[in-house]
Each structure stands twice: as structure tokens, then as C-alpha cells.
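A.B. asks: Sequence first, predicted coordinates after that:
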2 protein chains.
Amino acid sequence: MKKHFSQTDLQSWERFTRANFINSLSGFKSLSLIGTVNDKGVSNLAVFSNIIHLGADPALIGFINRPLSAAPHTIQNIRETGLYTVNLVTESIYKQAHQTSAKYPEGVSEFEMTGLTEEYREGCNAPFVAESPVQYVLKFEQVMPIELNGTFLVIGSLQEAYVPIEIQEEDGFLDLAKAGILTSLGTSGYYKTEKINTLPYAKVT
Amino acid sequence: MKKHFSQTDLQSWERFTRANFINSLSGFKSLSLIGTVNDKGVSNLAVFSNIIHLGADPALIGFINRPLSAAPHTIQNIRETGLYTVNLVTESIYKQAHQTSAKYPEGVSEFEMTGLTEEYREGCNAPFVAESPVQYVLKFEQVMPIELNGTFLVIGSLQEAYVPIEIQEEDGFLDLAKAGILTSLGTSGYYKTEKINTLPYAKVT
């Protein structure tokens, strides 16, 4: 039995209750830590769940950055230095990932604050999260301001990927559940996943 | 042990293998059926996984529409009639949801082709999927063309939501796993979820 909520109902709710409802209504999300560095070499790590696959050819992945007043560092660092890492989150590190969303002042590294380990690789100044089993590097391509609410779609092109070979299937598909990768819901929910099935390309029958 | 894949490696792969890899690399996604109607009253239903939460105040939800040559109907109908429904997908209907991605010609209703049931509610000409336990209505706000690859970010504002009352927690959060809602991965993977935890708003300690 469904309950109906109108726009007016939702607008009458307390701000956090409304945000929790709306943010979980749209479904499960990718749970990722974005690692960046500014032009002074200070690293930053922030949890993002609004990651979006934009296309495979060229390989483009976007994320939504909240208004600058709420979340200035990641987008500023990306504009300054161009490369950033995305690190998928497992059950072993989701609490630390969540803690990166606390409003630490500029110049404080979330790595130090949460105990996650910075990992560096040649050719990329931005830090990886050593504890993450699936990591990739994006190169900044474009920021599209979303004027309706002051957020930004930040678009990057895929440069490098680091993946446990045993999760890759013959057709290229990565079974992230095998690496223990979680999915998130709303701003507070963390979920394990279990594969039901993979289905072949659908055809008109 | 991670394997490194460079951009050059990925570009050397067969097209579908590359697409499967890249599309699953960015993590778990919302699995949703979007119901629309054109100005002649013909309904359309299409599975989308690139749904993105844009903000709660105002309540905005976006999705990525592929280039018009590949996926013309949903975006065209939304521009024509303004309201569209989003219906979250469970284990009972994911095969039918997947089948909506077959390239049916214009004028053919995916409801008929897949056996999903059209449901109509006062004030919304677009069809809901009766079998879906969590449904909402968006009003078309804006299309942002993504010139890097010819896709579109389609933005809608939340108008109505229909949700089983037993999945809503005290703070507004919707535990979609309780309603059997799935998450998708890549273009072919379907996963059940199990809640590990919800965490309180993170604070600097």
C-alpha cells in the first residue's frame, strides 16, 4: 500500500527530513572517494555519491559538486591541478569515507583526520586511497553550472584504472560486489550488494 | 592485487568490452523505469540507470539521455508533455525493465511489449508502472546538452511521490531494500542490496 506525498507535503517538512526523503527516493548510488591536490600540494579527500556514467566513447564520468559555499575544495583543486582520483568504497572503510564529509577547514587533510592512507602513482599528483580495491584517474574536462540550484556537473575523462583482475568478466564487465564495493542511499545509508543476474543486450523479438 | 589499465589499453579493446568495463567501473546505479507520453497520447517506457540526485531544495532529479539518434523517444515526449514518471525496479520486474531497452520503433508501447501494467493517476498524463512499489513524478525543467559526447542532462523537479509507508524511517530516509528495490551495474548487471548501517551527519571531532 503506497502513501502519496505531494510537493506541498514535502515542503512542509523539517529541512533534514525532507532532504533524507528526496535524496533516498531517487535510488541507489555509487559510493566513491575523490582524491585531489591543490597547487600548493595539500591533498583533499571527499566522499561523493552523485557520480554519473556519461559515456564510454569517449570515456566520460561526471559528478555533482554542491554549491561552492558548501563544498569548495574538491572542485577548486580539480580546476587547479587537472587530475583527480576516484576510489570505490568497501565495508572496511565506509565509516572513514563518511567522516570525510565533516567540514574540515581548508589546509586540513581528510587523510590524516580519518586514518585513510594516501597512495601516489607516477604521472598523477592527486592521491589515491590505498585501502580502496578499485581506483581510477579522471582528467578535468568541463564544469557545467546548474543554475537551477547552484550546483555543478564536473566532467572528467578516464585516464587510468586499477582493478583486481579477478572481478573482471569475459565481456569486460566488473563484478564490483566481488571486491566488496558498497552502494549508498541518501546521505546516510550504506548497503552491501549481491548479484542476481547479468542479462544480454536486449533485442526486439 | 590490482591490474593497471591505461587509456590506450581500453581504447584498443572491442567496443562492447570497453563499454562494459567503463560503465561498471563508476559504480552502482539507480535502476528506474521512466514513463512518458507523447502529444498524441502514445505511451513510452524506458529503463534508465543514469539517474542523479541534484538537490533537495528545490527538489531536483536529473538523468542522462543518450544521443538523440540512439534514444529519441523519452526526451522528445518529456519536451512535448512536461510530466514524466520514475518507477523503481524490483527483482519481480527487472527482466521486463531490461527488455524495454530493445529498440522498438516509435508508436510501439514498451508496456505492451514487456507485459508491464500502465497505471494512471489524476493530474499526470504519463503512465506509472503498476508493479513498481516506489514511484514519483517529475516536471520537466531544463535540458543541458553535454557537447563532449552528444548526451543530455535532463532535469526535472519533484511533484509527487508514492511510497510504501513501512520503508520510511523517522528521519525521512527511505530504506529501499525493504521494498525490494534493486541497483544496477553497467548495462547488464542487476543486484539485490542489504543495509549495513545508516550513519549520522558527520562532524569535525
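C.D. replies: Perfect, thanks for sending it. Just so it is clear, the structure is predicted and the values come from calculations on it, not from any experiment.
A.B. asks: Identify the single longest strand in chain A, thanks.
C.D. replies: Assignment by DSSP state E gives strand A:151-164 as the longest strand of chain A.
A.B. asks: Please name the strands paired to that one in the sheet, noting orientation.
C.D. replies: The strands that strand A:151-164 pairs with in its sheet are strand A:59-65 (antiparallel), strand A:135-146 (antiparallel), strand B:2-6 (antiparallel) (by DSSP bridges).
A.B. asks: Buried residues, that strand. List them.
C.D. replies: Buried residues in strand A:151-164, counted by 16 or more other Cβ atoms under 10 Å in any protein chain shown: A:151-163. Just so you know, the C-beta spots here come from the backbone N, C-alpha and C atoms, and that holds for glycine as well.
A.B. asks: Tell me who's in contact with the closest residue to residue A:205 other than its chain neighbours.
C.D. replies: Leaving aside its sequence neighbours, residue A:205 sits nearest to residue B:102 (Cβ to Cβ, 6 or more residues apart in numbering or on different chains; 7.5 Å). Contact partners of residue B:102, counting by Cβ atoms under 8 Å, 6 or more residues apart in numbering or on different chains, are A:202, A:203, A:204, A:205, B:113.
A.B. asks: ok, for the second one, nearest residue in space, not its chain neighbours?
C.D. replies: Spatial nearest neighbour of residue A:203, excluding adjacent residues (Cβ to Cβ, 6+ apart): residue B:102 at 5.4 Å.
A.B. asks: about what we covered before: tell me the one of the contacts of residue B:102 nearest residue B:83?
C.D. replies: Of all the contacts of residue B:102, residue B:113 has the smallest distance to residue B:83: 22.7 Å, by Cβ to Cβ.
A.B. asks: can you give me phi and psi for that closest one?
C.D. replies: Here is the backbone geometry of residue B:113 (degrees, to the nearest 10): phi -70, psi -30.
A.B. asks: And the nearest residue to it once chain neighbours are set aside, which helix or strand is it part of?
C.D. replies: Once flanking residues are discounted, residue B:113 sits nearest to residue B:104: 6.0 Å by Cβ to Cβ, 6+ apart. Under DSSP states H and E, no helix or strand contains residue B:104.
A.B. asks: The spatially closest residue to residue A:174 that is not a sequence neighbour: neighbour count?
C.D. replies: Once flanking residues are discounted, residue A:174 sits nearest to residue B:24: 4.1 Å by Cβ to Cβ, 6+ apart. Counted by other Cβ atoms under 10 Å in any protein chain shown, the residues lying close to residue B:24 total 28.
A.B. asks: how much does the helix or strand encompassing residue B:24 deviate in direction from strand B:2-6?
C.D. replies: Assigned by DSSP H and E, residue B:24 belongs to helix B:15-25. If you take axes from the mean of the first three to the mean of the last three Cα atoms, to 10 degrees, helix B:15-25 sits at 120 degrees to strand B:2-6.
A.B. asks: For the strands paired with strand A:151-164, give me a markdown table that also has mean neighbour count.
C.D. replies: A markdown table is the format used below for the strands paired with strand A:151-164 (neighbours: other Cβ atoms under 10 Å in any protein chain shown):
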| stretch | mean neighbour count |
| --- | --- |
| strand A:59-65 | 25 |
| strand A:135-146 | 19 |
| strand B:2-6 | 14 |
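A.B. asks: Would you convert those strands into CSV that also reports mean pLDDT and distance to residue B:95?
C.D. replies: Listed next are those as CSV, based on pLDDT from 0 to 100; distance: least, Cβ to Cβ, whole Å:
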stretch, mean pLDDT, distance to residue B:95
strand A:59-65, 98, 28
strand A:135-146, 98, 30
strand B:2-6, 97, 31
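A.B. asks: right, so of the ones you listed, which gets closest to residue A:91?
C.D. replies: Proximity to residue A:91, assessed across the strands paired with strand A:151-164 by Cβ to Cβ, is greatest for strand A:135-146 (16.9 Å).
A.B. asks: and for the helix or strand hosting residue A:126, what are the contacting residues?
C.D. replies: Assigned by DSSP H and E, residue A:126 falls within strand A:124-129. If you take Cβ under 8 Å, 6+ apart as the criterion, strand A:124-129 is touched by A:33, A:35-37, A:41, A:43, A:45, A:77, A:81, A:83-85, A:87, A:93, A:111, A:116-121, A:135, A:137, A:159-160, A:162.
A.B. asks: Out of the residues you listed, which sit inside strands?
C.D. replies: Filtering those for strands - DSSP E - leaves A:33, A:35-37, A:43, A:45, A:83-85, A:87, A:118-121, A:135, A:137, A:159-160, A:162.
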